[in-house]
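**Q** sequence unknown, structure follows:
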Ligand SMILES: *Cc1c(COP(=O)(O)O)cnc(C)c1O
């Protein structure tokens, strides 16, 4: 299958080119030429299939023409070495827990899949020294770094905003060593993202280095996120509650929700989507006004959603033919302040015993406020609450149990290099290593 650019000025690319390059040469995002609907029989019996079986069917629709079946199956099965269970919070609201992977956030799915697919392409081409650049607001860095750790021929550079990620998040990528280098940037997440984008556009750099991106602009990270939307439906269907499924996604760069929108295009019966924003409500404002006005991000307690110019907005527009009307027909939005997030974490913990993380709290609240009679809501619980330990413990005034996987990371020693947000400095550094 070919991939076109959302800017329409770059030549169509093969899957391999799209994965290796990350961003199209006209700065657009790659989109698959076709989104294949899955057959009715698949949906009729989906509740009898395992997560891995469901995911392989979805993966085959996107990647089956370009990756041999046995290789693709192995990549999918290996990626999903953990479950994403649907857990009941109230009678009509369910949490799709995406935090059971190695770094306890949903990005493990895309990060692990991309590492394996890129590894396959690199082996096939006999390439060496591929450099993966990834900007992170917290969770991407750890998922990508852990996904790629030890993959031969690939070096990963994680760019993160100094002082703006939690200590646990930071430990998850700065302690790994080996083929992972962490760069602490004196700036915001948007500055980190801008550096990565500038690096891809810089001719001199690209002459000397083979660069690729592991942000959700990369199709190999972004598309696999569709897997668990299908699995959520399967789990809800098993409980006979899937008739009017509403999915709410705590959103930052909009990669996660866009994968869900692709799922709907493939026939997944989702009644509607809700995009939950924190105070960085650029998408929410777009829904209200039809105007897209990116602006610098502000810091919130749901820091992985602190994005002022969501990359995947271009994909949403493309998917709906640039029609504001079509977009608002399927997606609504909400925006919450830090106080509202705190209030929600506290209330849900007190009333149900379920502990939300600050991102999931936005998702839960949107459903609590916005579900209509007969609808069942699923929110994506995008990270484990212990990843935001201080914040969450302060809210609930109680101790949060730290999973063993996280405790292991805490024991490591932070190693990172400090850089300014100046592109020339970043470029000189990359050319020097
Ligand atoms: C990355 C992240 C988000 C935002 O996901 P996008 O795909 O960027 O919209 C939400 N919550 C958590 C915990 C994250 O790590």
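**A** Happy to help now that I have it. The structure displayed is predicted, hence computed values, not measured ones. Residues are numbered from 1 along each chain as shown.

**Q** Please, where are all the helices along the stretch 1-150 of the chain?
**A** 15-21, 40-45, 51-63, 69-79, 107-125, 139-148 (DSSP state H, counting those that start in this stretch).

**Q** measure residue 68 to the ligand for me?
**A** 29 Å (CB to the nearest ligand atom, to the nearest Å). Every residue, glycine included, has its C-beta placed from N, CA and C.

**Q** ugh, wrong one, residue 33
**A** Residue 33 sits 23 Å away from the ligand, going by CB to the nearest ligand atom.

**Q** my read: that residue touches residue 4, true?
**A** Yes. With contacts counted by CB atoms under 8 Å, residue 33 reaches residue 4, the gap being 6.1 Å.

**Q** who's more crowded, those two?
**A** Between residue 33 and residue 4, counted using other CB atoms under 10 Å, residue 4 has the larger neighbour count: 19 against 10.

**Q** rewinding a little: for the helices of the stretch 1-150 of the chain, which one ends up most surrounded?
**A** With neighbours taken as mean count of other CB atoms under 10 Å, the helices of the stretch 1-150 of the chain reach their highest mean count in helix 139-148, at a mean of 29.

**Q** can you give me the mean pLDDT across the helix or strand where residue 315 lies?
**A** Applying DSSP states H and E as the criterion places residue 315 in helix 313-319. The average pLDDT within helix 313-319 is 98.

**Q** Just list what it packs against, helices and strands only.
**A** Secondary-structure packing of helix 313-319 (3 or more CB pairs under 8 Å, 6 or more residues apart in numbering; DSSP states H and E): strand 30-32, helix 255-265, helix 282-289.

**Q** now with 7 Å?
**A** helix 255-265 (3 or more CB pairs under 7 Å, 6 or more residues apart in numbering; DSSP states H and E).

**Q** Going C-terminal from the helix it packs on, what's the next secondary structure element?
**A** Downstream of helix 255-265, the next assigned helix or strand under DSSP H and E is strand 272-277.

**Q** Next, the contact list for the residue of the stretch 1-150 of the chain found nearest the ligand, please.
**A** Here the stretch 1-150 of the chain gets closest to the ligand at one residue, residue 139, 3.1 Å apart by CB to the nearest ligand atom. Applying CB atoms under 7 Å, 6 or more residues apart in numbering to residue 139 gives the contacts 105, 107, 169, 304, 383.

**Q** what's the burial count for the residue nearest to residue 370 when sequence neighbours are not counted?
**A** Among residues not flanking residue 370 along the chain, residue 274 sits closest, at 6.4 Å (CB to CB, 6 or more residues apart in numbering). Per other CB under 10 Å, the neighbour tally for residue 274 reads 24.

**Q** For residue 274, give me its contacts.
**A** By CB under 7 Å, 6+ apart, residue 274 lies in contact with 246, 248, 332, 333, 334, 366, 370.

**Q** strand partners of the helix or strand containing the fifth one, parallel vs antiparallel please.
**A** Secondary structure here is read from DSSP H and E; on that basis residue 334 sits in strand 331-335. For strand 331-335, the pairing partners within the sheet under DSSP bridges are strand 272-277 (parallel).

**Q** Say whether the ligand is contacted by the strand it pairs with.
**A** No. Among the residues of strand 272-277, none lie within reach of the ligand under CB under 6 Å from any ligand atom; the closest is 8.3 Å away.

**Q** quick revisit: adding mean pLDDT and distance to residue 378, write the helices of the stretch 1-150 of the chain out as CSV.
**A** Below are the helices of the stretch 1-150 of the chain laid out as CSV (pLDDT from 0 to 100; distance: least, CB to CB, whole Å):
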stretch, mean pLDDT, distance to residue 378
helix 15-21, 92, 29
helix 40-45, 98, 16
helix 51-63, 98, 15
helix 69-79, 97, 21
helix 107-125, 93, 16
helix 139-148, 91, 20
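
**Q** what's the closest of the ones you listed to residue 270?
**A** Among the helices of the stretch 1-150 of the chain, helix 40-45 comes nearest to residue 270, with 11.8 Å by CB to CB.

**Q** Okay, strands next: where are they in the protein?
**A** Under the criterion DSSP state E, the chain contains strands at 3-5, 30-32, 86-88, 93-97, 130-135, 154-161, 180-186, 210-213, 245-250, 272-277, 331-335, 376-381, 417-420.

**Q** Out of those, name the one with the poorest average pLDDT.
**A** strand 210-213 (a mean of 87).

**Q** so what strands line up beside that one?
**A** strand 130-135 (parallel).

**Q** quick check: angle from the partner strand to helix 139-148?
**A** Angle of strand 130-135 versus helix 139-148, following axes from the mean of the first three to the mean of the last three CA atoms, to 10 degrees, is 160 degrees.

**Q** near the ligand at all, strand 130-135?
**A** No. Strand 130-135 lies apart from the ligand when judged by CB under 6 Å from any ligand atom; the minimum separation is 11.1 Å.

**Q** what's the spacing between that strand and its chain's center?
**A** Centre-to-centre, strand 130-135 and its host chain are 16 Å apart (CA atoms, centre = their mean, to the nearest Å).

**Q** List the contacts of it.
**A** Here strand 130-135 has contacts from 122, 140-141, 144, 148, 153-159, 189, 192-193, 196, 199, 209-215, using CB under 7 Å, 6+ apart.

**Q** How about residues contacting the strand holding residue 334?
**A** Strand 331-335 has contacts (CB under 7 Å, 6+ apart) with 272, 273, 274, 275, 276, 277, 279, 281, 283, 284, 287, 366.

**Q** What residues does the protein have near the ligand?
**A** When proximity is defined by CB under 6 Å from any ligand atom, the chain lies next to the ligand at 105, 107, 138-139, 216, 250-256, 304-305, 359, 382-383.
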